[in-house]
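Trainee: build me a structure from this.
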Amino acid sequence: MTPSHSYLAVFTGSKTSPRSAAWNALTEPQRRAKEQEGIAAWQAWSEQHRAAIVAMGGPLGKTKRVDRQGTRDITNQLAAFTVVRAQSLDAAARMFEQHPHFTLFPGDAVEVMPILPIPGA
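Mentor: Reported below is the predicted structural model:
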């Protein structure tokens, strides 16, 4: 059996995508109903994968970019994150198939990647 490894799942979405536009076009009661359905489905997903979740993570807020030119506000498509353990990258990715982030909410995708050891550590 292969040992479990940690994987970072990054939830992506665009505020200007057609899915976001459709979401924003919903009436307030429609959006609240969809949100409640999505939250319930996300909680069910979390319970189903509870043993594999290392860090539930959460939504991500406004972003600052820091580089040689200084610090500035930027916009990106990173919406949330979760850390899971799985036997392989494929197994980790399968956990997110049909995730509510993009089946019920207007998110675009979930990108899953291994968390590698720090070289020389």
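Trainee: let me see the ranges of the helices in this structure.
Mentor: With helices called from DSSP state H, the chain shows them at 18-25, 28-48, 89-94, 100-103.
Trainee: tell me the most buried of those?
Mentor: When you average the neighbours per residue for each of these (mean count of other Cβ atoms under 10 Å), helix 100-103 leads with a mean of 17. In this view, the C-beta of every residue, glycine as well, is placed from N, C-alpha and C.
Trainee: from P18, how far out is I115?
Mentor: Applying Cβ to Cβ, to the nearest Å, the value for I115 to P18 is 32 Å.
Trainee: related to what we said a few turns ago, nearest to L60, of the helices of the chain?
Mentor: For L60, the closest of the helices of the chain is helix 100-103, at 12.6 Å, according to Cβ to Cβ.
Trainee: mean pLDDT and distance to M56 for the helices of the chain - can I get that in JSON lines?
Mentor: Formatted as JSON lines, those follow (pLDDT from 0 to 100; distance: least, Cβ to Cβ, whole Å):
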{"stretch": "helix 18-25", "mean pLDDT": "95", "distance to M56": "23"}
{"stretch": "helix 28-48", "mean pLDDT": "97", "distance to M56": "7"}
{"stretch": "helix 89-94", "mean pLDDT": "98", "distance to M56": "15"}
{"stretch": "helix 100-103", "mean pLDDT": "97", "distance to M56": "13"}
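Trainee: figure out which of those is closest to T82.
Mentor: helix 28-48 (8.7 Å).
Trainee: helices or strands up against the closest one?
Mentor: helix 100-103 (3 or more Cβ pairs under 8 Å, 6 or more residues apart in numbering; DSSP states H and E).
Trainee: quick check: bridge partners of T12?
Mentor: Under the criterion DSSP bridges, T12 forms beta bridges with L78, A109.
Trainee: got the contact list for it?
Mentor: Counting by Cβ atoms under 8 Å, 6 or more residues apart in numbering, T12 touches 77-79, 107-111.
Trainee: out of those, the closest to P29 would be?
Mentor: Closest approach between these and P29, by Cβ to Cβ: G107, at 21.5 Å.
Trainee: so that closest one sits against A79, correct?
Mentor: Yes - counting by Cβ atoms under 8 Å, G107 does reach A79; the two are 6.0 Å apart.
Trainee: thanks a lot, see you next time.
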